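In: Need the 3D shape of this:
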Amino acid sequence: MSSPDQALADAIAGRLRDVPDFPLPGVMFKDIAPLIADPDVFGACIDALAELPAAREADLIAGVEARGFVVAAALARAVHAGVVPVRKAGKLPPPTVSASYELEYGSAEIEVPVGLLEGRKVYLVDDVLATGGTLKATIGLLSRAGATVTGIAVLVELSFLDGRQRLADTGLDLDALLIL
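Out: Numbers count the residues shown, from 1 in each chain. Sure thing, here's the model as predicted:
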């Protein structure tokens, strides 16, 4: 999608809740709970993502813990694909492959199951793109696990944090339904 649909973007924006100083002082958290609680707007988001060619050609939809799971499961159902969870370290049974990365307010480690991704086409989704650290680490992790990533989509992109630029060297198309 070259530019977000304005009516959908406005509907998404109207259902975001700003939470100041969460999880740390100085961070303005974008809560998507009101968005995913609205069946019409959330459904429109999933319908828009399901129209993207990179989503339709995927065998699996990968969602990043935890809000990305919600988007991934709904999108996977819409495009008749499976779901692969990208979990925080220690949440999946072994064997797994993992990646560590830096966040805007700390560091984290994620993992995926070994053996699930070899030779599979995977579309990556998450709720919010901030600095891009999580998605960049996930792309590398999925590739190391044997997958071909077909593209990336988020519900909301926080453009002032330059996450899109951090992902530019991946060569993957990035779609955002709302760019703030």
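In: Please count neighbours and contacts with C-alpha atoms only from this point.
Out: Fine.
In: Residue 60 versus the most far-flung residue of the chain relative to its centre, what's the distance?
Out: Largest separation from the mean C-alpha position in the chain: residue 25, at 24.2 Å (Cα atoms, centre = their mean). Going from residue 25 to residue 60 by Cα to Cα, to the nearest Å gives 36 Å.
In: quick one: the residue farthest from the centre of the chain is in a strand?
Out: No. If the criterion is DSSP: H, G, I helix; E, B strand; the rest coil, then residue 25 is coil and not within a strand.
In: which SS class is the residue most central in space within the chain?
Out: Most central in the chain under Cα atoms, centre = their mean is residue 126, positioned 1.6 Å from the mean C-alpha point. The three-state label given to residue 126 by three-state DSSP is strand.
In: Tell me the confidence at the nearest residue to it once chain neighbours are set aside?
Out: What sits nearest to residue 126 in space, not counting adjacent residues and going by Cα to Cα, 6 or more residues apart in numbering, is residue 68, at 4.1 Å. Among the per-residue scores, residue 68 shows a pLDDT of 96.
In: One more: residue 147?
Out: 97.
In: list the contacts for it?
Out: 117, 118, 119, 120, 121, 122 (Cα atoms under 8 Å, 6 or more residues apart in numbering).
In: was I right about the third one contacting residue 145?
Out: No. Contact between residue 119 and residue 145 fails when scored by Cα atoms under 8 Å: they sit 9.2 Å apart.
In: Which one of these two is surrounded by more residues?
Out: Legend: neighbour count by other Cα atoms under 10 Å for residue 119 and residue 145, higher for residue 145 (22 against 13).
In: contacting residues around the more buried one?
Out: 97, 112, 114, 115, 117, 118.
In: In the chain, what residue spans correspond to strands?
Out: For the chain, applying DSSP state E gives strands covering 17-20, 28-31, 60-64, 82-88, 96-103, 106-113, 121-129, 148-157, 174-179.
In: Packed most tightly, which of those would that be?
Out: For the strands of the chain, the largest average neighbour count (mean count of other Cα atoms under 10 Å) is found in strand 60-64, namely a mean of 28.
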